[in-house]
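> Predicted model and sequence follow; I will ask about them next.
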Amino acid sequence: MANMTITIPKEMKNDLDLFPEINWSEVARQAFREKIEDLKFLLEYKKNSRMTEEDALRLGKEVNRSLHKRYSEMR
């Protein structure tokens, strides 16, 4: 197993110290694993996609508008 050092803000370290029973290294490993799997999925999707960057930006804007409208109506 390889070692890795990460730097976190002091406030976060203080919060981690509130829960000494938690294996924070394992929590970090799981978070890294999930993020890697998400990125691998996106790579695979992108490889088979004909969507252009312009298409993706347009889709993102449409989603943002839709979400804004939905949550504005909830107020």
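Thanks, I have the structure now.

> what are the ranges of the strands in this protein?
Here the chain has no strands by DSSP state E.

> least trustworthy helix or strand in it by mean pLDDT?
helix 53-74 (a mean of 89; mean pLDDT, DSSP states H and E).

> what residues does that helix touch?
Applying C-beta atoms under 8 Å, 6 or more residues apart in numbering, the contact partners of helix 53-74 are residue 51. For glycine as for every other residue, the C-beta is placed from the backbone atoms N, C-alpha and C.

> need the longest helix for this protein.
helix 24-47 (DSSP state H).

> what angle do that one and helix 53-74 make?
Angle, helix 24-47 to helix 53-74, by axes from the mean of the first three to the mean of the last three C-alpha atoms, to 10 degrees: 120 degrees.

> hmm, who's touching helix 24-47?
Contacts of helix 24-47 (C-beta under 8 Å, 6+ apart): 6, 16.

> If we use 10 Å, what do you get?
1, 4, 6, 8, 13, 16-17, 19, 23, 49, 51, 56 (C-beta atoms under 10 Å, 6 or more residues apart in numbering).
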